[in-house]
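Peer 1: Predicted model follows, preceded by the sequence.
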Amino acid sequence: MGDSLELISLEVWHVVASILNLLILTLILKKFLFKPVHNMLDKRKEQVDSLYRDAEQSRQKAEEDRALYGEKLAGAVEEAETIVRSAAQRADRQSGEILADAKRRAAETVKQAEEDIEQAKKKAMDELKNEVAGISVQIAENVVGRELNGDDHKELIDSFIDRL
């Protein structure tokens, strides 16, 4: 039992030496282990913070780009609507011009046809006059028994036509 007491006994010098050993070990660990580990953790924390900052900047940039693209899209839609409206207006204007031109041409055609009809009518009347004049001259020659001169002939024709 004497040996077992020696193992449990406390000597002040052993306690002081143990405390000094602990302090020296702590300082050595702090100098060579804790500081490098702490520095490594600080660097890692800075890297993580940098990644978060970059991610936040990227998100903000994406939001700005989305807003910009949204504005451009709205502008493109508005421009497309303007182009469609303009094309519709041009089409309306052109169709109006085409209709007006067609009406004008139809009116000219009708006018030309009326003039042609009027000329044909005059020609027919002149031919009829000449034919009637010829017939009337023959009748007059037969009745009168003599040949008429140009003035007499014209007078007879005019009076005959007026009676018709």
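Peer 2: Structure's in. What do you need? Numbers count the residues shown, from 1 in each chain.
Peer 1: CA only for contacts and neighbour counts going forward, please
Peer 2: Noted.
Peer 1: what mean pLDDT does whichever strand or helix holds Glu118 have?
Peer 2: Element membership for Glu118, per DSSP states H and E: helix 35-144. For helix 35-144, mean pLDDT rounds to 89.
Peer 1: next one: it to chain centre, how far?
Peer 2: Counting by C-alpha atoms, centre = their mean, to the nearest Å, helix 35-144 is centred 13 Å from the centre of its parent chain.
Peer 1: what's the next secondary structure element after it?
Peer 2: Defined by DSSP H and E, the subsequent element after helix 35-144 is helix 150-163.
Peer 1: quick revisit: does the helix holding Glu118 pack against any helices or strands, and if so which?
Peer 2: The contact analysis (3 or more C-alpha pairs under 8 Å, 6 or more residues apart in numbering; DSSP states H and E) places helix 35-144 against helix 150-163.
Peer 1: C-alpha coordinates for the helix it packs on, PDB please?
Peer 2: Taking Å, rounded to 0.1, in the frame of the first residue of the first chain, the C-alpha atoms of helix 150-163 are listed here in PDB:
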ATOM      1  CA  GLY A 150     -78.100  70.300-154.300                       C
ATOM      2  CA  ASP A 151     -79.900  73.200-152.600                       C
ATOM      3  CA  ASP A 152     -83.300  71.900-153.600                       C
ATOM      4  CA  HIS A 153     -82.300  68.500-152.500                       C
ATOM      5  CA  LYS A 154     -81.200  69.700-149.100                       C
ATOM      6  CA  GLU A 155     -84.300  71.700-148.600                       C
ATOM      7  CA  LEU A 156     -86.500  68.800-149.400                       C
ATOM      8  CA  ILE A 157     -84.600  66.500-147.100                       C
ATOM      9  CA  ASP A 158     -84.700  68.900-144.100                       C
ATOM     10  CA  SER A 159     -88.400  69.500-144.500                       C
ATOM     11  CA  PHE A 160     -89.000  65.700-144.800                       C
ATOM     12  CA  ILE A 161     -87.000  64.900-141.700                       C
ATOM     13  CA  ASP A 162     -88.700  67.700-139.800                       C
ATOM     14  CA  ARG A 163     -92.000  66.100-140.600                       C
END
